[in-house]
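K.L.:
Return atomic coordinates for the entry below.
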Amino acid sequence: MTANEDQEMELEALRSIYEGDECFKEISPVSFQFRVGDLEDTKAFILVITWPDTYPETAPQICLDAFFNNRISAATKQLILLKLEEQVEANLGSAMMYTLFEWAKENQDALMESHRPVVTAVTLTSNTEVMVPSAAKKREKKEQLTKAQKRRIVNRTDNKGELPRGWNWVDVIKMP
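P.N.:
A predicted model of the protein is given here:
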């Protein structure tokens, strides 16, 4: 079998295994995304794996540069890549995508045990920018008037929409 035939067979197998699985996404016939963990899980991460032309004889490229992984420290990413490279070496020459994905799922806790969420300045800036417009919108909201209130306002005003002169004057009464 040639490398291309192996790739086609593995691609077909991956499509049938992960059909309907929201964790697996086929970016192209040689590039895949796999989310390890639930979306709400702070220890979840996304693997992006790309096959070179000579895969499975040569190792696939594993990347953790997805935006979803921005909160993971560089040291934790290095650890994950190192452990996955060990699995790749053990499975070199055979179809290994399913094995890698399942191994990552089973060992998620061990891979992310030293994980501490990284808060970047970009995140903080975007949060404050989002807060300012929403507060301004709340102040701009006009008071809702009932139909009767609107009718009274219209009845008090002239054809220009102005109130007649002296509408708010108070009569002063002299007491003897």
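
K.L.:
which residue sits closest to the residue most central in space within the chain, ignoring its sequence neighbours?
P.N.:
Centre of the chain computed as the mean C-alpha position; nearest residue by Cα atoms, centre = their mean is Phe68, 6.2 Å away. The shortest distance from Phe68 to any residue that is not its chain neighbour, by Cβ to Cβ, 6 or more residues apart in numbering, is 4.7 Å, and that residue is Ile46. Every residue, glycine included, has its C-beta placed from N, CA and C.

K.L.:
re the thing from before, may I have the secondary structure class of the residue nearest to the centre of the chain?
P.N.:
Secondary structure for Phe68, judged by DSSP: H, G, I helix; E, B strand; the rest coil, is helix.

K.L.:
Go ahead and confirm it touches Val36.
P.N.:
No - distance between Phe68 and Val36: 10.6 Å, which falls outside the contact criterion (Cβ atoms under 8 Å).

K.L.:
list the residues that contact both of those two?
P.N.:
Counting by Cβ atoms under 8 Å, 6 or more residues apart in numbering, the contacts common to Phe68 and Val36 are 44-46.

K.L.:
so where do the helices sit in the chain?
P.N.:
In the chain, helices defined by DSSP state H lie at 3-17, 74-91, 97-106, 108-111, 121-140, 147-156, listed in chain order.

K.L.:
count of neighbours near Val170?
P.N.:
Residue neighbour count, defined by other Cβ atoms under 10 Å, stands at 6 for Val170.

K.L.:
typo on my end, it should be Phe34
P.N.:
Residues near Phe34, counting by other Cβ under 10 Å, number 21.
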